[in-house]
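Visitor: below: sequence and its predicted model.
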Amino acid sequence: MAEEVGYPFNQLPLEAFTSFQGGVEGWGSICGALIAPIQLIGMVAEGEDKSAMVNELLSFYTQHPFPEYQTGEFDLPRVAVGSTLCHVSVTRWMNETGMGPRSRPERKERCAGLTADVCKFTVQMLNKYLEGTFKPGEYTSPAVAGECMVCHGEMEPFAHGKENCLDCHDDHR
Ligand code: HEC
Ligand code: HEC
């Protein structure tokens with residue numbers, strides 16, 4: 001993109017993206033593979049289109065069994081992780097596959113393959129958007145979040161978010 005299109009893609013200091021590994025320097029916060037694609041979407045689209053594509057990407061992330069792309073060294077098992085949090089994503093994959101600890105080469109390759117999957121999805125979505133054929137809603141955030149937020153968006157105790165609430169809370173309904 002930097003070579004073919006030029007500005008603004010030739011103005012990105014790659015060093016600005018290296019802190020996102022490990023859910024931002026090992027904090028296990030948002031999966032770092034999502035951050036650059038979110039920024040890229042924001043460099044191509046704006047307003048409601050931008051929001052719709054970012055929502056689609058995060059929803060895809062929670063549902064897609066990663067890694068689809070295999071880097072070639074291993075034939076890694078694929079697991080859908082149900083969360084955009086690095087902590088949850090990596091831990092569920094290690095638990096379900098038995099491939100821990102985090103320092104294990106298979107885990108590293110899994111996150112590399114996942115990053116490729118996220119990039120591919122983003123590029124395909126942006127191409128559809130530019131062709132005018134992108135339709136949001138193929139992937140959606142967990143329905144339970146909306147069901148809980150009907151109350152907790154408006155009444156105490158207040159909360160917010162679109163992740164699966166039941167990852168961390170009991171269902172008191
Ligand atoms: C019909 C409205 C309503 C819905 C729907 C609802 N809540 Fe609540 N929730 C409340 C109210 C009112 C309280 C405070 C009184 C209480 O503790 O029951 C509460 C309390 C809580 C609390 C703090 C107290 C506790 O039980 O730990 C959490 C956490 C919570 N809700 C999470 C959720 C989640 C997760 C969902 C969806 C699965 C959900 N709520 C759906 C009304 C609702
Ligand atoms: C990754 C874990 C996680 C997820 C996912 C999550 N929460 Fe929470 N939530 C927390 C934590 C941690 C707190 C702070 C608890 C505290 O301070 O005691 C909290 C606090 C709350 C509270 C206030 C509870 C109180 O006692 O005042 C409500 C209500 C709540 N969350 C609802 C939700 C709803 C609804 C969702 C889904 C849209 C959700 N949460 C998703 C971890 C999570």
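Guide: Perfect, I can see it now. Ligands and ions are numbered 1, 2, ... in the order given.

Visitor: please make it C-alpha for all contacts and neighbour counts, starting now.
Guide: Will do.

Visitor: ok, residue 67 - how many residues close by?
Guide: 24 (other Cα atoms under 10 Å).

Visitor: with ligand 2 as the reference, measure out to it.
Guide: For residue 67, the distance to ligand 2 equals 22 Å [Cα to the nearest ligand atom, to the nearest Å].

Visitor: what residues of the helix or strand hosting residue 52 count as buried?
Guide: Assigned by DSSP states H and E, residue 52 belongs to helix 47-63. By 16 or more other Cα atoms under 10 Å, the buried positions in helix 47-63 come out as 49-50, 52-63.

Visitor: walk me through the domains of this structure.
Guide: 21-138, 141-173 (automatic domain parsing).

Visitor: just the ones you listed: most buried one?
Guide: domain 21-138 (a mean of 17; mean count of other Cα atoms under 10 Å).

Visitor: in contact with the closest residue to ligand 1 within the chain, which residues?
Guide: The minimum distance from the chain to ligand 1, using Cα to the nearest ligand atom, falls at residue 148 (3.6 Å). Contacts for residue 148 were tallied using Cα atoms under 8 Å, 6 or more residues apart in numbering; they are residue 165.

Visitor: what's the helix or strand for it?
Guide: helix 143-152.

Visitor: briefly note if that helix comes near ligand 2.
Guide: Yes. For helix 143-152, a contact with ligand 2 is found by Cα under 6 Å from any ligand atom, at 145, 148-149, 152.

Visitor: contacts for the helix holding residue 52, please.
Guide: 34, 38, 41-42, 80-84, 118, 121-122, 125, 136-141.
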